[in-house]
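# sequence below, structure please.
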Amino acid sequence: MERPVRSLKTELFSPTRTSIPQQLGCALQQKRSCCDGIGYRLKANGSLTQAIVCECVMECQSCFGLNRRMVDGVSKPCHTPAPSRVASLINAACLPARYCTAKLSSFTNFSGNGNEVVQRLSQWTREFDIENPKGLILGGNVGVGKTYLLAAVAKTFANKGISVRFVDFFQLLLELKAGYAQDKNDSRVLNEAIAVDVLFIDELGKGRNSDWELSILDQLVMGRYNQNKVMIASTNYDFKPSDRVQMTNGSLDNEKRPGSFELDRFESLEQRIGARIYSRLIESSDLIELTGEDFRKRNLQEKIQPTRGVRR
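From the prediction side, this is the model:
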C-alpha cells in the first residue's frame, strides 16, 4: 500500500533523517568521478545520444534522489535544473551518437582559428539570454569541426534547462519525404522543430535546393522568427559570394556526378537559401567562420603507415 505524499515528505525531510545526510553533502556538490558532478551520464544508443541519471544522484544520502534538501527548515533544490530534467532534454534533442562526448573544452582542431572560435562560443553561450535570444551561424569548410561545436553548444544549453533539437537539414528533408510516401502530414515534424527553445540545424543549405525544400526551410525560419525563437546552424557555404574558380562534378549533397557542371559549391549561403530567408537569419544571428584543416583527412594521413623498407 502506498504511503500518502505528505507522510512520505515528512519522513524524508524530518530532522532525524536529514541531519546526518546534510552533513555528508549532496552527491552533485562532491563532483564524483562517475558523472563529473553533473548528475547524469551519456552514452551512444544506436544513432543518438542517450542521457541517464547517474546512480550517485538516485542513491544520494543527502536528498535520497529527490534533488531537494531541507536548508534552514526550507525545502530547496540541490541543483537547478535537476539532472533528471537535463537528461530528459538531451534525450529529446536527437543529438548524434558520434558527438555524445562533445564539449567546447575538448575541441582539438586548432590548425586554423579554432582556439579563437571556442573562446567566442564559450562567451556566447554564457551570455545567451532565452528571453532576448540571438542566433548563430557557424560557417567553414568540410571537416573543420562545425558539427562537433554545434553538438557541444546544444548540450550546454540543455544543461541550462533550455529545450533544444538537433537536426541535419538533409535528414530532415528525407524524413518529411518518407512521411509523404506514407500519406502522413509533415506538420508534426515541423511543429516539433519550431516549438523548441533553440533549433540546431547542421548543414544549412544542403539538399537539391528545389522549391519544396526551400519552402520547408522558409516554414522553419519564419515559424521561429515570428515567435522570437532563434536557430543555431552550420553551413559549408560562404557568407559572402565566393571569388573561387568554378569546378565540375560538384553537387549539393556532396555526390559526384560524372560530366556534370554545377555552381553550387561556389554559391554563397544567400544564393543557396534565397535573399528572404537569409535576411531573416542574419537579422537574428551572429556569424562566425571556423577555419582549419580537414581533421578527417589529417587523421587518415596519420593512420597510413610508411611502406618503405618493408620486406616481402
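
# ok, residues contacting stretch 181-196?
Applying C-beta atoms under 8 Å, 6 or more residues apart in numbering, the contact partners of stretch 181-196 are 163-165, 167, 172, 175-176, 179-180, 199, 216, 219-220, 223-224, 227, 229. In short, each C-beta sits where N, CA and C put it, glycine included.

# ok, 10 Å please
89, 92-94, 157, 162-167, 172, 175-180, 199-201, 216, 219-224, 226-227, 229, 231 (C-beta atoms under 10 Å, 6 or more residues apart in numbering).

# ChimeraX command for the buried members of these?
Remark: buried members of those, expressed as a ChimeraX selection using 16 or more other C-beta atoms under 10 Å:
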select :89,93,94,157,162,163,164,165,166,167,172,176,199,200,201,216,219,220,221,223,224,229,231
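
# looking at the contacts of stretch 181-196, which are in strands?
Of the contacts of stretch 181-196, the ones assigned to strands by DSSP state E are 164, 165, 166, 167, 199, 200, 201, 231.

# return the residues in contact with the nearest residue to the fifth one once chain neighbours are set aside.
Going back to what we said before, that points to residue 199. With sequence-adjacent residues excluded and distances taken as C-beta to C-beta, 6 or more residues apart in numbering, residue 199 is closest to residue 231, at 4.8 Å. Contact analysis of residue 231 by C-beta under 10 Å, 6+ apart lists 133, 135-137, 193, 198-201, 204, 220-221, 224-225, 280-281, 284-285.

# apply 6 Å and report the result again.
For residue 231, the contacting residues are 135, 199, 201, by C-beta atoms under 6 Å, 6 or more residues apart in numbering.

# in this structure the second one contacts residue 166, no?
No. In terms of C-beta atoms under 6 Å, residue 199 does not count as a neighbour of residue 166; the distance is 8.4 Å.

# quick one: low-confidence residue ranges for this structure.
Of all residues in the chain, those with pLDDT under 70 make up the ranges 1-25, 27-31, 64-65, 183-186, 242-265, 298-303, 305-312.

# tell me the domain boundaries of it?
Per automatic domain parsing, the domain ranges recorded for the chain read 32-93, 99-300.

# need those domains in CSV with distance to residue 26, can you?
Output for the domains of the chain, formatted as CSV (distance: least, C-beta to C-beta, whole Å):
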stretch, distance to residue 26
domain 32-93, 5
domain 99-300, 17
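
# so residue 270 is in which element?
Counting by DSSP states H and E, the element that carries residue 270 is helix 269-273.

# same question, residue 278
Judged by DSSP H and E, residue 278 forms part of helix 275-283.

# quick one: the helices in the stretch 51-200 of the chain?
55-58, 83-93, 114-127, 146-159, 169-181, 187-195 (DSSP state H, counting those that start in this stretch).

# could you tell me the angle between the fifth one and helix 187-195?
Taking axes from the mean of the first three to the mean of the last three C-alpha atoms, to 10 degrees, one finds helix 169-181 and helix 187-195 inclined to each other by 150 degrees.

# just the fourth one next, same as before
Here the directions of helix 146-159 and helix 187-195 differ by 80 degrees (the same axes, to 10 degrees).

# neighbouring contacts of helix 146-159?
In contact with helix 146-159 (C-beta under 6 Å, 6+ apart) are residues 86, 89-90, 93, 95, 99, 102-104, 125, 138, 140, 164, 166, 198, 200, 202, 234, 290.

# residue 60: neighbour count?
The number of residues packed near residue 60 is 25, by other C-beta atoms under 10 Å.

# for it, give its distance to residue 143.
42 Å (C-beta to C-beta, to the nearest Å).

# circling back: want to try a markdown table for the ones in strands among the contacts of stretch 181-196, with distance to residue 188 as columns?
Output for those, formatted as a markdown table (distance: C-beta to C-beta, whole Å):
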| residue | distance to residue 188 |
| --- | --- |
| 164 | 18 |
| 165 | 13 |
| 166 | 18 |
| 167 | 14 |
| 199 | 15 |
| 200 | 19 |
| 201 | 18 |
| 231 | 19 |
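
# okay, now the nearest residue to residue 75 once chain neighbours are set aside: neighbour count?
Among residues not flanking residue 75 along the chain, residue 68 sits closest, at 5.3 Å (C-beta to C-beta, 6+ apart). The local packing count at residue 68 equals 18, with neighbours defined by other C-beta under 10 Å.

# residue 68 contacts residue 74, correct?
No. Using C-beta under 6 Å, residue 68 makes no contact with residue 74, being 10.1 Å away.

# please, where are all the strands along the stretch 1-150 of the chain?
In the stretch 1-150 of the chain, the strands defined using DSSP state E, counting those that start in this stretch lie at 40-45, 48-53, 68-71, 74-77, 135-140.

# what helices or strands is the last one leaning on?
So the one you mean is strand 135-140. Helices and strands touching strand 135-140, by 3 or more C-beta pairs under 6 Å, 6 or more residues apart in numbering; DSSP states H and E, are strand 230-235, strand 285-290.
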